[in-house]
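[1] Pasting a predicted model and its sequence here:
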Amino acid sequence: MAAGAVISLQGVTKRFGGLTAVDGVSVDLVEGEFFALLGPSGCGKTTLLRMVAGFEEPDEGAIHLDGRDMARLGANRRPINLMFQSYALFPHMDVRRNISYGLEMERLAKGEIARRVDEILEQTQLSALAHRKPAQLSGGQRQRVALARALIKRPRVLLLDEPLGALDKKLREQMQLELKRLQHEFGITFVVVTHDQEEALVLADRIALMNGGRIVQLDAPRALYEEPRTRFAAQFIGLTNLFEGRAVAGGIEIAGLGPLQAACDLQAGSACALSVRPERIVLARDRMAEGYNAVSGEITDIAYLGQSENLRVAVDGYETPLSVCVAPDGQADARTDARTGAQRHRVGETVWCHWRPAHGRILTD
Amino acid sequence: MARRALAAHLALTYGFLYGPILVLMVLSFNRAGLPTVWTGFSLEWYVTLADSPAILAAALNTIIVAVVSTVIATTLGTLLALGVERRRQSNAVDALLFAPMIIPDIVLAIALLSFFTLLEVTLGLHSIILSHVVFNIAFVCAVVRTRLKHFDYAIIEASIDLGADRFTTFRRVTLPVIFPGVLAGALLAFTLSFDEFIIAFFTAGAGASSTTLPMRIYSMIRFGVTPEINAMATIIMLISFTLVFFSQRLNRATVSD
């Protein structure tokens, strides 16, 4: 167990019938960090969260909180709180009663409860809504009540199950900032479960990417995006272009495209893939000078997104078309310094796709 | 045109349903004891009712049976509904739960009588109460289950997560949320028990001490329909109607929130 770990999971495994939902997960959560469990549905992230909360017992392994074994300690006795995906507000209680419920369970003095409820209503900007019932609140307000109800318990760890899933896009962006602010203000360790990679990237200090019940990569958001270690990680976090081929000295040999340069320390001939992010690709009419990998192809699709343009390029000699993301209308783009010709791309146009060897990543798994 | 035809149809249906009851209610205020001639408004039949010890005793019996069987059936039926709704959906379980509602009363009455005789249970008010509990559990369970269809079970976990134990969670979260359904079920159970005749008749045993109001009416009616019976029927009707009305209202609130 690492020093400073609030929660430490060791070989935690959970089976439902013949299905292994969580498979030998070991991870330490650091005091005060914003941690994300990210993965597709069915990857075991919610089961893992429920085991930490105390609603499921691990079949194997142990969960420690501040060095104390949590086995056989019920959810109602753990200093951990969970914000439910549906928010699970009590429909028959107003906002104030919902929030004070957890403190009443601790049998605190009435005055103390009232003081702390007032304080948190203030912090979450809910004071004006204190006497509303959950049915009279908007989605964003309900979420703030759920958050206040959990935070008022001053838990060691706050677990959040798909916290922004039920909100529309605009509100979601606003609440992401709000969550970060509250986490900073309270200094509590937050663990968020999400299937939304963008949400994890924005919120978390560290992301555990899960698949098939295991953590496949544990990294800071930037490292997870820039240096994926598996095909799954590269494809789940953002978009990527994958070229399947065989390792050669200083790169990868792709059938139909020839050798492409990339940092590669694999034994020559072993199967691997090259991942290149769409925004790392620079388009040009003519093949550019040394220092780039280049493939030529024809633009088959252009999707205009306002701040950027997504293009598909059918590459000569390779089956899967390439995804390319560029600034629209050939505007200056810091990344595409070498770009030539500032005019609009058209479907049917023949182009060269360039990227620097350092921007490609060799993957084996 | 179609709209008018529909309105007429509705009026006829209501007339058919409520005409006889209306006649009965009006005649209960008829000064003359005859069912055919209106001779003026009077409350004397209601006074006669209140003066009859046999009728008052039967009314008391009916209220005891209805209250006690409602309390027992509501408790058991609610717990049953909670248990059944948390299980995986099963047609067999559902069918067995619905059965007591659709088994003909006469069949249930004979079955219960045989059962009590077999176990050598003495008959009386207690055996009527037990018998009413049997079918009322099914009704309460059905009503509470409709409430539970819209129940977010996450609030139970939320309560536990916030530090409550199972019992506190039931008392402060589960029960208050499903309470409109429970109350609707209880009102329905009370109404059903209050005017139930066949099963009470079979399981009451001999002796006037366990005669309920519907049984009393039945024995009186053998000498013809008297104005007191009209008065009594009117009172029972009003009680039943009021209870069912509130039960329906609670149920509607259940579904819409």
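    Done, it's in.
[2] can you pull the contacts of A:Gly348?
    A:Glu298, A:Ile299 (CB atoms under 8 Å, 6 or more residues apart in numbering or on different chains). C-beta here means a position set from N, CA and C on the backbone, and glycine is covered the same way.
[3] so when I look at it, I'm seeing a strand, right?
    No. Counting by DSSP: H, G, I helix; E, B strand; the rest coil, A:Gly348 falls outside a strand, being coil.
[4] where does it fall, phi/psi-wise?
    phi 100, psi -10 (degrees, to the nearest 10).
[5] just A:Ser127 next, same as before
    phi -50, psi -40.
[6] Nearest residue to it in space, please, no chain neighbours.
    Distances taken as CB to CB, 6 or more residues apart in numbering or on different chains place A:Leu121 nearest to A:Ser127, at 4.5 Å, with adjacent residues excluded.
[7] tally of neighbours for the one you found?
    A:Leu121: 21 surrounding residues under other CB atoms under 10 Å in any protein chain shown.
[8] sec struct for A:Pro155, please.
    coil.
[9] Now the stretch 1-150 of chain B against chain A: closest residue?
    Closest residue of the stretch 1-150 of chain B to chain A, CB to the nearest CB: B:His150 (9.7 Å).
[10] From A:Gly11, how far off is that residue?
    According to CB to CB, to the nearest Å, B:His150 and A:Gly11 sit 41 Å apart.
[11] same deal with B:Thr226?
    Distance of B:Thr226 to A:Gly11, given as CB to CB: 84 Å.
[12] Neighbour count for these two, which is higher?
    B:Thr226 (15 against 12).
[13] which residues sit in contact with the spatially most central residue of chain B?
    Closest to where the C-alpha atoms of chain B average out (CA atoms, centre = their mean) is B:Leu192, at 1.9 Å. By CB under 8 Å, 6+ apart, B:Leu192 lies in contact with B:His132, B:Phe135, B:Asn136, B:Phe139.
[14] List the neighbouring strands of the one helix or strand A:Ala208 maps to plus their orientation.
    Assigned by DSSP states H and E, A:Ala208 belongs to strand A:206-211. Looking at strand A:206-211 with DSSP bridges, its partner strands are strand A:34-38 (parallel), strand A:214-219 (antiparallel).
[15] need the contact list for residue 172.
    Using chain A. Here A:Arg172 is in contact with A:Leu164, A:Glu199 (CB under 8 Å, 6+ apart).
[16] my question was about chain B
    A:Tyr101, B:Ser159, B:Ala164.
[17] just checking, what packs against the helix or strand of chain A with the lowest mean pLDDT?
    Least confident element among the helices and strands of chain A, by mean pLDDT, DSSP states H and E: strand A:258-261 (a mean of 79). If contacts are counted by 3 or more CB pairs under 8 Å, 6 or more residues apart in numbering or on different chains; DSSP states H and E, strand A:258-261 sits against strand A:241-248, strand A:251-254.
[18] Which secondary structure element is home to the residue nearest to A:Ser127?
    Using DSSP H and E, the element containing A:Leu121 is helix A:110-123.
[19] Which helix or which strand is home to the closest residue to B:Phe202 other than its chain neighbours?
    Excluding the flanking residues, the one nearest B:Phe202 by CB to CB, 6+ apart is B:Ala109, at 3.8 Å. Counting by DSSP H and E, the element that carries B:Ala109 is helix B:105-118.
[20] do the same with B:Val133
    B:Val133 belongs to helix B:125-148, assigned by DSSP H and E.
[21] now that helix against helix B:105-118, angle please.
    Calculated by axes from the mean of the first three to the mean of the last three CA atoms, to 10 degrees, helix B:125-148 forms an angle of 130 degrees with helix B:105-118.
[22] Which strands or helices does whichever helix or strand comes after helix B:125-148 pack on?
    For helix B:125-148, the following helix or strand on the C-terminal side (DSSP H and E) is helix B:154-161. Packed against helix B:154-161 by the contact rule (3+ CB pairs under 8 Å, 6+ apart) you find strand A:80-83, helix B:166-169.
[23] Tell me which of those is the most buried.
    Neighbour counts (mean count of other CB atoms under 10 Å in any protein chain shown) averaged over each of the helices and strands packed on helix B:154-161 peak at strand A:80-83, with a mean of 26.
[24] Pull the residues that contact that strand.
    With CB under 8 Å, 6+ apart, strand A:80-83 has contacts from A:49, A:52-54, A:65, A:75, A:102, A:146-147, A:150-151, A:153, A:155-161, A:163, B:157-158, B:161-162.
[25] how close does B:Ala58 get to B:Ala208?
    Taking CB to CB, one finds B:Ala58 at 8 Å from B:Ala208.
[26] So between these two, which is more surrounded?
    B:Ala58 (23 against 13).
[27] what's the helix or strand for the more buried one?
    helix B:53-86.
[28] Report the buried residues of that helix.
    Buried residues in helix B:53-86, counting neighbours by 16 or more other CB atoms under 10 Å in any protein chain shown, are found at B:55, B:57-59, B:61-66, B:68-70, B:72-74, B:77-78, B:80-82, B:84-85.
[29] And for the closest residue to chain B within the stretch 151-300 of chain A, nearest residue in space, chain neighbours not counted?
    Proximity of the stretch 151-300 of chain A to chain B (CB to the nearest CB) peaks at A:Lys153, 6.7 Å away. Leaving aside its sequence neighbours, A:Lys153 sits nearest to A:Gly102 (CB to CB, 6+ apart; 4.6 Å).
[30] Just list the residues touching the one you found, thanks.
    A:Asn81, A:Arg149, A:Ala150, A:Ile152, A:Lys153, B:Leu162, B:Gly163.
[31] same deal with A:Val295?
    Applying CB under 8 Å, 6+ apart, the residues near A:Val295 are A:Leu257, A:Val315, A:Asp316, A:Gly317, A:Tyr318, A:Leu322, A:Trp352, A:Cys353.
[32] can you give me the strands in the stretch 251-365 of chain A?
    Counting by DSSP state E, counting those that start in this stretch, the stretch 251-365 of chain A has strands at residues A:251-254, A:258-261, A:271-276, A:282-284, A:293-304, A:309-315, A:322-326, A:350-355, A:360-363.
[33] Could you check the pLDDT of A:Gly330?
    At A:Gly330 the predicted local distance difference test score is 53.
[34] how many neighbours does A:Arg68 have?
    A:Arg68, neighbours per other CB under 10 Å, totals 11.
[35] Dihedrals phi and psi, it?
    According to degrees, to the nearest 10, A:Arg68 has phi -100, psi 130.
[36] do you know how far it is from chain B?
    Distance of A:Arg68 to chain B, computed by CB to the nearest CB, to the nearest Å: 17 Å.
[37] do A:Thr46 as well
    For A:Thr46, the distance to chain B - CB to the nearest CB - is 12 Å.
[38] Now do the same contact list for that residue.
    So A:Thr46 contacts A:Asp161, A:Val193 (CB under 8 Å, 6+ apart).
[39] okay, which residue is most central for chain A?
    Nearest to chain A centroid, counting by CA atoms, centre = their mean: A:Ala200, 2.6 Å.
[40] Spell out which residues sit in contact with it, please.
    Contacts of A:Ala200 by CB under 8 Å, 6+ apart are A:Ala36, A:Leu38, A:Val192, A:Thr194, A:Ile207, A:Pro221.
[41] 7 Å instead, please
    Contact analysis of A:Ala200 by CB atoms under 7 Å, 6 or more residues apart in numbering or on different chains lists A:Ala36, A:Leu38, A:Thr194, A:Ile207.
[42] try A:Leu147
    Per CB under 7 Å, 6+ apart, neighbours of A:Leu147: A:Met83, A:Thr124, A:Leu182.
[43] now those in TSV, with distance to B:Leu175?
    Shown next, in TSV, are the contacts of A:Leu147 (distance: CB to CB, whole Å):
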residue	distance to B:Leu175
A:Met83	24
A:Thr124	29
A:Leu182	33
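[44] returning to that earlier point: if I look at the residue of the stretch 151-300 of chain A closest to chain B, how far off is A:Ala268?
    With CB to CB as the criterion, A:Lys153 and A:Ala268 are 58 Å apart.
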